[in-house]
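Trainee: starting from these lines, generate the structure:
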Amino acid sequence: MRIISCFYQLLWGDLIYLPLPGGQKAGLSLLVLLLIPAGLFFTLRTRFLPVRLFPEMLRITAEKRSKSDHHAISGIQALVVSTATRVGMGNLVGVVAAISAGGAGAVFWMWITALIGSSTAFAEATLAQLHKEKDPLYGGYRGGPAYYIHDYIQSRKKQKKSRSIIAVLFAISGLICWCGISQVISNSVSSSFYNAFHIPPLYTTVILVILAAVVVLRRHATVKVLDVLVPIMAGCYLLITLFIIVKNAPCLPAVFQQIFAEAFGVRQAVAGGFGAVLMNGVKRGLFSNEAGSGSAPCAAAAAETDHAAKSGLLQAFGVFIDTIVICSCTAMIMLLAPADLMENLTGMDLLQTAMQYHLGRFGVIFIAATLWLFSFSTFIGILFYARSNVAYLFGDNWLSQTLYKILALIMLFIGGLAAYTFVWDLGDIGIGLMTIFNMMILIPHSKEALNCLKDYEQRFLHKP
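Mentor: Model (predicted):
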């Protein structure tokens, strides 16, 4: 436990402190120190891609696609898979935590972080698409950071290698992370259902595990289920939020004024809390959209597309959906509720109280159901990610693929009955290590992705 705690503090704890006006300090973790400069680097090198090419992202999302391999997934299906994991508990619990600790101003810094992270998401997804390979087990394609890390190191060494140490470490970190997340998912679902309906955690967990097993143990059910589930859950959440926003439209100017005022510490500067506003927004933004962690590229690589940059642009758009749209929905639900009603509340109690204010008892039930859908889709999505990493480590065989799925299902069951912080910390360490191993290669390997973007713009955007 001491070893795990040390690793956790190294990755997530404040490593250095940034001096701020008024004698304040903002703590910076190792992962923030990696991801923010990387995001700025890619934003500048792509010439502000999230803003400049946003209309193109919308066009690609709407265009019709044909596939030569019926087992392959389309670019939009890859976006759906990655959205399933991004639009998860981070959009509910994470946003609540950010506002609880940093106030309304944290929302602004989440937006800024998403804009920066979009460029990182483009680079890693494009590289994954460029280095994908045929999947002999499931059909279609597979890939991700383990594969482009392997290819990069192999090209530098100028010799064939069966495995690369950094790629192996990334794949192992991913499998550890996704097992840990499995437990967090079921624990959150069973807790919310107990609070909303007084259903014993055992019953909720058994049903969740059975439904998950039916999906993930079937060969091609994952993407089909997510194709239906993700648009429904995101659409319903968006519609309910829009109803709340329209209902409280006169309060919107005051809410935005509060967000922008607190973002720059107008009020917090006096109380010495600007560092909390800034860093809570940045941290939650980074790990809600997952840009740079190397998760979403596992879906991007599986897509069949006529140009690798299209896959990258779709994943950059996925960051927009996650943070600018869904996270903002959660923030509005809380910020449009009376401040005195939310006082001294934290976590899901804060969100459920806000929903009860807006929609009565239905709001509490709706949040419980939404958390269930978000969490279920996250579990299915992370096991889709795991396919390529299991194959990289253990080769192409059904035994290793099935054993990992069974392990994840066991973790899902255990998590629903009890919260073991040891496993939760392992999950956080897993995603932290994934990010480090991914970023070690992503930046030196980035020229290939940038050249791909240049080629795409010349071929599709600058036609005579």
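Trainee: burial check on residue 215, number of neighbours?
Mentor: 17 (other Cβ atoms under 10 Å). Quick note: C-beta positions are derived from backbone N, CA and C, even for glycine.
Trainee: I figured it hits residue 226, correct?
Mentor: No - using Cβ atoms under 8 Å, residue 215 is not in contact with residue 226, being 9.0 Å away.
Trainee: which residues do these two both contact?
Mentor: Counting by Cβ atoms under 8 Å, 6 or more residues apart in numbering, the residues touching both residue 215 and residue 226 are residue 380.
Trainee: may I have stretch 329-347 as PDB, with CA atoms only?
Mentor: Provided in PDB are the C-alpha atoms of stretch 329-347 (Å, rounded to 0.1, in the frame of the first residue of the first chain):
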ATOM      1  CA  CYS A 329     -24.500  20.600 -19.000                       C
ATOM      2  CA  THR A 330     -23.600  19.200 -15.600                       C
ATOM      3  CA  ALA A 331     -22.200  22.600 -14.600                       C
ATOM      4  CA  MET A 332     -25.300  24.400 -15.600                       C
ATOM      5  CA  ILE A 333     -27.500  22.100 -13.600                       C
ATOM      6  CA  MET A 334     -25.600  23.000 -10.500                       C
ATOM      7  CA  LEU A 335     -25.000  26.700 -11.100                       C
ATOM      8  CA  LEU A 336     -28.600  27.400 -11.900                       C
ATOM      9  CA  ALA A 337     -29.700  26.100  -8.500                       C
ATOM     10  CA  PRO A 338     -29.800  28.500  -5.500                       C
ATOM     11  CA  ALA A 339     -26.400  28.800  -3.800                       C
ATOM     12  CA  ASP A 340     -27.800  28.500  -0.300                       C
ATOM     13  CA  LEU A 341     -29.400  25.200  -1.200                       C
ATOM     14  CA  MET A 342     -26.100  23.800  -2.400                       C
ATOM     15  CA  GLU A 343     -24.100  25.100   0.600                       C
ATOM     16  CA  ASN A 344     -21.900  22.500   2.400                       C
ATOM     17  CA  LEU A 345     -22.800  19.800  -0.100                       C
ATOM     18  CA  THR A 346     -20.200  17.800  -2.100                       C
ATOM     19  CA  GLY A 347     -20.100  14.900  -4.600                       C
END
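Trainee: how far out from the middle of the chain is it?
Mentor: In this view, stretch 329-347 has its centroid 23 Å away from the chain centroid, taken as Cα atoms, centre = their mean, to the nearest Å.
Trainee: can you read off the pLDDT for residue 289?
Mentor: Residue 289 is assigned a predicted lDDT (pLDDT) of 69.
Trainee: no wait, residue 170
Mentor: For residue 170, the model assigns a pLDDT of 94.
Trainee: kindly report the same for residue 297.
Mentor: Note on residue 297: pLDDT of 90.
Trainee: what is the neighbour count of it?
Mentor: As a burial measure, residue 297 scores 34 neighbours (other Cβ under 10 Å).
Trainee: quick one: residues contacting the nearest residue to it once chain neighbours are set aside.
Mentor: With sequence-adjacent residues excluded and distances taken as Cβ to Cβ, 6 or more residues apart in numbering, residue 297 is closest to residue 128, at 3.5 Å. By Cβ under 8 Å, 6+ apart, the contact list for residue 128 reads 143, 144, 145, 147, 148, 297, 298, 300, 301, 311.
Trainee: residue 234: which of these is nearest?
Mentor: Ranked by distance to residue 234 (Cβ to Cβ), the contacts of residue 128 are led by residue 300 at 18.9 Å.
Trainee: residue 339 and residue 374, how far apart?
Mentor: Residue 339 sits 27 Å away from residue 374, going by Cβ to Cβ, to the nearest Å.
Trainee: if you count surrounding residues, which of the two has more?
Mentor: residue 374 (27 against 10).
Trainee: my guess is residue 77 contacts residue 223. True?
Mentor: Yes - in this structure, residue 77 is within contact of residue 223 by Cβ under 8 Å, at 5.5 Å.
Trainee: wait, residue 199 touches residue 191, no?
Mentor: No - the pair residue 199 / residue 191 is not scored as a contact, 10.7 Å apart, by Cβ under 8 Å.
Trainee: ok so, going back, now, which of the contacts of residue 128 lie within helices?
Mentor: Counted as lying in helices by DSSP state H, out of those, are 145, 147, 148, 297, 298, 300, 311.
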